[in-house]
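1. Provide a 3D model corresponding to the input given below.
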Amino acid sequence: MRPSRIDWDGTDPARLAASLRGLTTTEPVTGGVREILERVRAGGDAALREQAERFGEPAPESLRVDAEAVAAAPGLLDPEVRDALRLAAANIEAVARAELEGLARPSLAELPQGQRVEVRSEAVAAAGVYAPGGKAPYPSSVLMCCIPARVAGVARIAIASPPGVGGRPQAPVLAAAALAGVGEVYAAGGAQAIAALAYGTESVPSVDVIVGPGNRYVTEAKRLVFGHVGIDGLAGPSELLVVADASADARAVALDVLAQAEHGDDSPLVVVSPEPGLLDRVGELVSELAPDRPSVAEAPLALVASPGLEVALGLADAFAPEHLELAFAGADENAARSRVAGCVFVGPGGATAFGDYAAGSNHVLPTGGAARFGRPLGPWAFMRRISVVSMSAPAAGALAPAVTTLAEAEGFPVHGESARGRTSP
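-> Model (predicted):
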């Protein structure tokens with residue numbers, strides 16, 4: 001860990017938030033990713049295999065994993081892992097179905113001129129899910145992405161995940177696919193997998209939306225194919241900001257910070273508190289505990305002393321973190337509702353780790369300050385909005401003069417003719 005202490009006077013939280021984000025940098029990878037996308041777009045399956053070999057992955061004989069192998073994968077897992085995945089899947093589905101209730105209701109406006117305008121949501125036809133699997137498999141991400149898509153009503157869900165030994169994605173990924181009700185899995189990873197899902201190959205039919213976390217190459221590929229397909233967002237390094245007071249458990253906060261540092265050395269971590277003693281203790285504990293936990297990366301940790309809790313919350317809103325923990329006396333759901341963050345954790349058990357795995361909330365969240373306008377992955381990401389306008393003859397007659405006036409003002413007189421043509425006897 002790389003802890004640093006900042007004594008803040010409470011002014012200009014936006015500037016400090018920008019400075020805290022400057023603790024991490026991302027190398028530009030656009031050129032290399034663009035080349036991969038074009039190779040796969042032009043070369044199809046052969047280019048996918050070529051790129052796999054280039055990056056040291058086993059080149060599978062068949063890019064599509066046998067559906068029977070996917071269905072059998074849960075039986076290959078340790079029973080405790082399988083049961084934990086089932087519990088997580090059930091909670092994720094319950095939350096997704098609750099979200100869908102609000103999305104599924106169409107809106108209908110009856111306008112004074114007599115027309116009706118209905119806006120409704122429909123599921124996209126096909127969704128692609130990227131499941132990381134380089135250093136380690138991420139079955140939790142499979143559940144987080146596939147279950148909301150299934151709940152939304154997507155007819156076809158395709159998973160792409162890097163091939164492991166034997167040319168298939170690792171067993172936990174396949175098992176999670178089976179538990180999520182998805183049988184279409186492809187052994188393809190990296191930017192080339194995003195290209196295959198976006199443009200299609202001989203073996204991989206294209207999709208309408210691509211979701212899921214990945215490294216900077218995967219993220220850049222999603223950015224470059226956006227517009228040809230929809231995406232959930234551009235995921236950056238995982239991040240955590242904790243607002244705490246003297247009542248917080250310093251060891252719990254330290255462990256939460258260390259847990260997020262497992263995501264990599266580019267994960268920005270911030271603890272803000274008006275209590276210097278708490279910050280000192282968190283810093284000491286992080287330094288003591290990290291050496292015995294080899295999975296913890298050398299991520300930057302900023303310990304920010306603030307003049308009070310209100311300005312600390314103001315800094316949290318300006319930072320707009322992926323994960324926000326409110327670890328102070330009186331923190332409750334009301335305090336959480338007005339915050340700017342991807343996911344807010346409150347209560348005595350409010351560790352981000354629960355949201356990462358089994359609480360039911362989604363761990364695919366806006367990062368890099370995108371919580372200012374983004375939202376967690378959910379059924380909405382797999383739905384398109386469509387307007388249906390029902391125009392009666394009287395409504396057309398009532399609106400045609402206004403349409404004609406506006407159309408002529410904008411230099412489109414035939415628009416006016418078109419509107420008036422619907423009012424002719």
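2. give me the number of residues near A94?
-> 13 (other C-beta atoms under 10 Å). Bear in mind the C-beta positions are built from the backbone N, C-alpha and C, glycine included.
3. show me where the stretch 51-200 of the chain has helices.
-> Secondary structure of the stretch 51-200 of the chain by DSSP state H, counting those that start in this stretch: the helices cover 67-72, 79-104, 139-152, 171-179, 190-199.
4. Format those as a markdown table; extra columns: distance to N215 and mean pLDDT.
-> Listed next are those as a markdown table, based on distance: least, C-beta to C-beta, whole Å; pLDDT from 0 to 100:
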| stretch | distance to N215 | mean pLDDT |
| --- | --- | --- |
| helix 67-72 | 24 | 95 |
| helix 79-104 | 23 | 92 |
| helix 139-152 | 13 | 97 |
| helix 171-179 | 16 | 96 |
| helix 190-199 | 8 | 97 |
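5. want to throw these into JSON lines with distance to P394?
-> Shown next, in JSON lines, are the helices of the stretch 51-200 of the chain (distance: least, C-beta to C-beta, whole Å):
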{"stretch": "helix 67-72", "distance to P394": "55"}
{"stretch": "helix 79-104", "distance to P394": "32"}
{"stretch": "helix 139-152", "distance to P394": "38"}
{"stretch": "helix 171-179", "distance to P394": "54"}
{"stretch": "helix 190-199", "distance to P394": "46"}
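6. for the ones you listed, which one sits closest to I36?
-> helix 190-199 (4.3 Å; C-beta to C-beta).
7. Let me see the ranges of the strands in this structure.
-> For the chain, applying DSSP state E gives strands covering 2-7, 107-110, 116-123, 126-130, 156-161, 184-187, 209-211, 230-231, 240-244, 269-273, 300-305, 323-327, 343-345, 383-390.
8. To V124, which of the helices of the stretch 51-200 of the chain lies closest?
-> Between V124 and the helices of the stretch 51-200 of the chain, the shortest separation by C-beta to C-beta is 8.1 Å, and it involves helix 139-152.
9. The closest one - contacts with which helices or strands?
-> Packing partners of helix 139-152 (3 or more C-beta pairs under 8 Å, 6 or more residues apart in numbering; DSSP states H and E): helix 79-104, strand 126-130, strand 156-161, helix 171-179.
10. just these: most buried one?
-> When you average the neighbours per residue for each of the helices and strands packed on helix 139-152 (mean count of other C-beta atoms under 10 Å), strand 126-130 leads with a mean of 27.
11. Please list the outside residues in contact with that one.
-> 142, 145-146, 149, 154-161, 182, 193-194, 197-198, 205-214, 218, 229, 382 (C-beta atoms under 8 Å, 6 or more residues apart in numbering).
12. how about TSV for the strands of the chain, with mean pLDDT and distance to A175 added?
-> Shown next, in TSV, are the strands of the chain (pLDDT from 0 to 100; distance: least, C-beta to C-beta, whole Å):
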stretch	mean pLDDT	distance to A175
strand 2-7	90	36
strand 107-110	92	40
strand 116-123	93	25
strand 126-130	98	15
strand 156-161	98	12
strand 184-187	96	11
strand 209-211	98	20
strand 230-231	97	26
strand 240-244	97	28
strand 269-273	97	31
strand 300-305	96	35
strand 323-327	96	26
strand 343-345	96	25
strand 383-390	94	27
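13. Mind putting these into TSV with distance to A47?
-> Converted to TSV, the strands of the chain look like this (distance: least, C-beta to C-beta, whole Å):
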stretch	distance to A47
strand 2-7	40
strand 107-110	44
strand 116-123	30
strand 126-130	17
strand 156-161	14
strand 184-187	14
strand 209-211	18
strand 230-231	21
strand 240-244	38
strand 269-273	39
strand 300-305	38
strand 323-327	37
strand 343-345	37
strand 383-390	30
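14. right, and the ones you listed - which one's nearest L279?
-> Once these are compared by C-beta to C-beta, strand 300-305 is nearest, at 4.3 Å.
15. before we move on, back to that, out of the strands of the chain, which is closest to V173?
-> Smallest distance to V173 across these (C-beta to C-beta): 4.9 Å, for strand 156-161.
16. Find the residue at the geometric middle of this protein.
-> V364 (3.1 Å; C-alpha atoms, centre = their mean).
17. Right, I'll call it a day here.
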